[in-house]
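[1] Curious how this folds, go ahead:
(one chain, ligands or ions: 1)
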Amino acid sequence: MTAQVLDGKATAAVIKAELTDRVAALATRGVRPGLATLLVGEDPGSQWYVTGKHKDCAEVGIASIREDLPADATQEQIEDAVRRLNDDPQCTGFIVQLPLPKGIDTHRVLELIDPAKDADGLHPTNLGRLVLRVNEPVDTPLPCTPRGIVELLSRHGIDLHGADVVVVGRGVTVGRTIGLLLTRREVNATVTLTHTGTEDLAEHTRNADVVIAAAGVPSVITADIVKPGAVVVDVGVSRLEDPETGRSRVVGDVDPGVQEIAAWVSPNPGGVGPMTRAMLLQNVVEMAERRLG
Ligand SMILES: Nc1nc(=O)c2c([nH]1)NC[C@@H]1CN(c3ccc(C(=O)N[C@@H](CCC(=O)O)C(=O)O)cc3)C=[N+]21
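    This is a model prediction of the structure:
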């Protein structure tokens with residue numbers, strides 16, 4: 001038996017179609033959401049991601065603004081760019097593409113973002129509000145990858161009520177924040193957060209109904225440590241050089257053998273990545289809707 005596919009690409013397309021209608025409804029009320037990206041430096045991977053975000057915006061009718069700074073931009077120049085975007089009325093939400101070059105104080109840059117324009121949902125104010133109001137209707141932007149994972153599962157009819165979820169990896173963008181979404185009353189999962197200090201990872205994952213692998217370690221989740229019939233979400237992104245072609249390819253945290261034992265597996269690419277991008281658009285649309293009240 002092979003696992004069913006948690007199709008992030010197809011699900012993201014459905015969400016983008018819904019957002020297209022919401023953007024059109026905003027237009028009738030005179031509002032055009034606008035996403036800006038701030039990219040520092042010439043890293044090809046980062047440029048590729050940013051270009052993708054602008055394409056996504058065009059697809060749903062969101063205006064997009066691109067600010068690129070050279071790799072040797074100073075802390076002050078980067079902070080000035082953030083202030084400009086905070087003040088730009090065309091920009092209703094923006095992201096600072098990470099990572100920033102070495103020597104830049106990333107936290108200082110991110111804390112300068114106007115929380116009402118924080119499209120990533122990673123500003124300390126928004127993370128704090130999420131913690132404080134976790135079981136109230138959330139009226140702040142939410143972290144895109146965790147939100148995308150919860151949406152990917154719910155749109156495949158997977159009920160997490162009472163499920164034992166094991167999260168692997170304690171990074172800020174996924175591991176540390178996803179438990180906040182999964183333990184909201186309307187989701188009601190039980191969450192265990194594991195990390196490199198965990199004594200026996202396998203003991204945790206073998207008992208899990210759902211494994212969310214966000215460690216960034218290729219094939220850390222193998223078939224022998226997954227419960228038969230489990231749901232496995234592959235968030236990890238590692239780049240490995242293919243010795244035959246010399247080209248780099250993306251590999252996830254989930255070993256292909258897991259497909260023989262799990263009930264559901266998210267492909268990578270084609271799973272969580274497209275959902276993250278769709279949730280960025282959703283945050284931007286919601287921020288624009290909130291401005292109208
Ligand atoms: N401020 C900020 N916000 C981010 O959200 C952010 C960031 N910085 N820095 C980098 C990471 C990475 N990230 C991805 C989003 C989508 C895919 C994605 O859609 N991937 C495709 C293709 C993967 C491929 O072939 O390379 C897929 O999974 O199918 C990947 C990675 C957002 N990030």
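
[2] Could you chop this protein up by domain?
    30-115, 143-274 (automatic domain parsing).

[3] Need the contact partners of the helix or strand encompassing V167.
    Secondary structure assigned from DSSP states H and E places V167 in strand 164-168. Strand 164-168 is contacted from outside by 174-175, 178-179, 182, 189-195, 201, 204-205, 207-215, 220-221, 253, using C-beta atoms under 8 Å, 6 or more residues apart in numbering. Bear in mind the C-beta positions are built from the backbone N, C-alpha and C, glycine included.

[4] returning to what we had before: can you check which of the domains of the chain gets nearest to the ligand?
    Smallest distance to the ligand across the domains of the chain (C-beta to the nearest ligand atom): 2.2 Å, for domain 143-274.

[5] follow-up on the earlier one: out of the contacts of strand 164-168, which are inside helices?
    Counting by DSSP state H, those place G175, I178, G179, L182, L201, H204, T205 in helices.

[6] Give the bridge partners for the residue nearest to the fifth one when sequence neighbours are not counted, please.
    Spatially, and ignoring its direct neighbours in sequence, L201 is nearest to T194 (5.7 Å; C-beta to C-beta, 6 or more residues apart in numbering). Per DSSP bridges, residues listed as beta-bridge partners of T194: V168.

[7] on that earlier part again, please produce a markdown table containing the domains of the chain, extended by mean pLDDT.
    Shown next, in a markdown table, are the domains of the chain (pLDDT from 0 to 100):
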| stretch | mean pLDDT |
| --- | --- |
| domain 30-115 | 97 |
| domain 143-274 | 97 |
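
[8] Format those as a markdown table; extra columns: distance to G293 and mean neighbour count.
    Listed next are those as a markdown table, based on distance: least, C-beta to C-beta, whole Å; neighbours: other C-beta atoms under 10 Å:
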| stretch | distance to G293 | mean neighbour count |
| --- | --- | --- |
| domain 30-115 | 11 | 17 |
| domain 143-274 | 23 | 19 |
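
[9] Need these in CSV (columns: distance to A10).
    Output for these, formatted as CSV (distance: least, C-beta to C-beta, whole Å):
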stretch, distance to A10
domain 30-115, 15
domain 143-274, 9
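
[10] Please convert those domains to CSV, extending it with distance to the ligand.
    Putting these into CSV (distance: least, C-beta to the nearest ligand atom, whole Å) gives the following:
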stretch, distance to the ligand
domain 30-115, 4
domain 143-274, 2
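
[11] all helices for the stretch 1-150 of the chain, in order.
    With DSSP state H, counting those that start in this stretch as the criterion, the stretch 1-150 of the chain has helices at 8-28, 44-60, 75-87, 106-112, 124-132, 144-154.

[12] And those helices: which comes nearest R247?
    Ranking those by proximity to R247 (C-beta to C-beta) places helix 44-60 first, at 12.8 Å.

[13] what's the closest one packed up against?
    helix 8-28, strand 34-40, strand 63-69, helix 272-292 (3 or more C-beta pairs under 8 Å, 6 or more residues apart in numbering; DSSP states H and E).

[14] Helix or strand: which one has the residue located most distally from the centre of the chain?
    Most distant from the centre of the chain: E244, at 31.7 Å, with distances by C-alpha atoms, centre = their mean. Using DSSP H and E, E244 falls within no helix or strand.
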